[in-house]
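>>> Let me see the structure of the following:
(chains A, B, C and D)
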Number of protein chains: 2
Amino acid sequence: MDDPRKDRSDGKVQYGPLSEALGFLLRLGQLKSFAGFFRSFEAEDIRPGELTVLMVLHENPGIRQGMLAKALSIKRAHMTKMVRQMEDEGLILRRVPEDDKRAMELWLTEAGEARVAVLAPILAEHESGGAAGLSVTETAELKRLLRKMLNIRNGASG
Amino acid sequence: MDDPRKDRSDGKVQYGPLSEALGFLLRLGQLKSFAGFFRSFEAEDIRPGELTVLMVLHENPGIRQGMLAKALSIKRAHMTKMVRQMEDEGLILRRVPEDDKRAMELWLTEAGEARVAVLAPILAEHESGGAAGLSVTETAELKRLLRKMLNIRNGASG
DNA sequence: TCGTTATTGTTTCCCAGTAGACAATTTTTT
DNA sequence: AAAAAATTGTCTACTGGGAAACAATAACGA
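So this is what the prediction gives:
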């Protein structure tokens, strides 16, 4: 049992260099985090992407569709489908601005704002504790490093 | 300009509570990290999932297909497609073990091991520096926190 | 031992998301 | 002013990946 690579008796897997691969760790972390998301929002029939669109629209009323897509790293083609469906659901208003007839400005409807009012507290509650396996302090540090990596400033506590 | 929500003049987007949402940050981080991956492995025609399969097979020869899927958080249905393709490419050997005729043991072929020998140094080089926007120390701390969150021990430095 | 339940990989069908081309505009260049 | 280039949203076609049902086998219980 000198070589741990041969000890698979307990069903544990050796990750080797992957345990140092940031992309791999981020992918697993995201999957784990999303599982928690669906648990917290179980009663609300919403998906992560929709929530992010609603939140950003709430913070940036009238934002251009392309800028929204860029901010969320969602491809424009997919964003089109997404916001159109949300428009059909009555959550979003889409309008062509006067000064640029190619573009599309997005606004939350009353129903959209109401939806945000319901979802935001659930999100806050969901994020209040530490991530599974981490203390609150460690979770805060993890978020801080991710924000720095992404060049996103913390706009929640300010 | 008292309310930053109305200052979109510079094209910046207000993330609001999302800047505190771990799942959102992890998703953006993963996308950014994967972009770096494809840059580093540009010449090798490989995708992240395939690389992880190769690395885990190298570390755990003869592992069961289902356990591999679980370790990488890839659904069994998808893993089937993946490993079959890699089998067709001559990288993987699949064998039904004597003691369980439902199962499938996976091994790297000579070509598979050769592929690992080529890819591993590229991965090491790719991971050696800090992530974009972070120092080496900060990157190491980020990885450490992710490993703790995922309950993965660091098997690369040991 | 026989019937029931759980596991393992596979198949089929479906959906989220992407790539690339496109039309309509706007911006820039000459 | 005209032409060329860039931007913006959309469309079509494609791919990665998941859900659910399935067959084969193994494990378990009466």
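
>>> low-confidence ranges in chain A?
Residues of chain A meeting the criterion pLDDT under 70: A:1-11, A:156-158.

>>> can you give me the strands for it?
Ranges of strands within chain A are A:92-95, A:105-108, based on DSSP state E.

>>> elements contacting the first one?
Spelled out, that is strand A:92-95. For strand A:92-95, the packing partners by 3 or more Cβ pairs under 8 Å, 6 or more residues apart in numbering or on different chains; DSSP states H and E come out as helix A:76-88, strand A:105-108. All C-beta atoms are positioned from the backbone trio N, CA, C, and that covers glycine.

>>> by contact count, what packs against the longest one?
With contacts defined as 3+ Cβ pairs under 8 Å, 6+ apart, helix A:76-88 has these neighbours: helix A:48-59, helix A:65-72, strand A:92-95.

>>> The ones you listed: which one's closest to residue B:89?
Nearest to residue B:89 among those is helix A:48-59 (33.4 Å), distances taken as Cβ to Cβ.

>>> residues contacting the nearest residue to residue A:119 once chain neighbours are set aside?
Excluding the flanking residues, the one nearest residue A:119 by Cβ to Cβ, 6 or more residues apart in numbering or on different chains is residue A:51, at 6.1 Å. Residues near residue A:51 by Cβ atoms under 8 Å, 6 or more residues apart in numbering or on different chains: A:41, A:119, A:123.

>>> Just to check, the first one is in contact with residue A:121?
No: taking Cβ atoms under 8 Å as the contact criterion, residue A:41 and residue A:121 are not neighbours in contact, 11.5 Å apart.

>>> Settle it for me: which of these two has more neighbours?
A direct count of neighbours by other Cβ atoms under 10 Å in any protein chain shown for residue A:41 and residue A:121 places residue A:41 higher, at 17 against 10.

>>> Got the phi and psi for that one?
Dihedral pair for residue A:41: phi -100, psi 20, per degrees, to the nearest 10.

>>> Now it: closest residue in space, sequence neighbours ignored.
Leaving aside its chain neighbours, residue A:41 sits nearest to residue A:122 (6.1 Å; criterion: Cβ to Cβ, 6+ apart).
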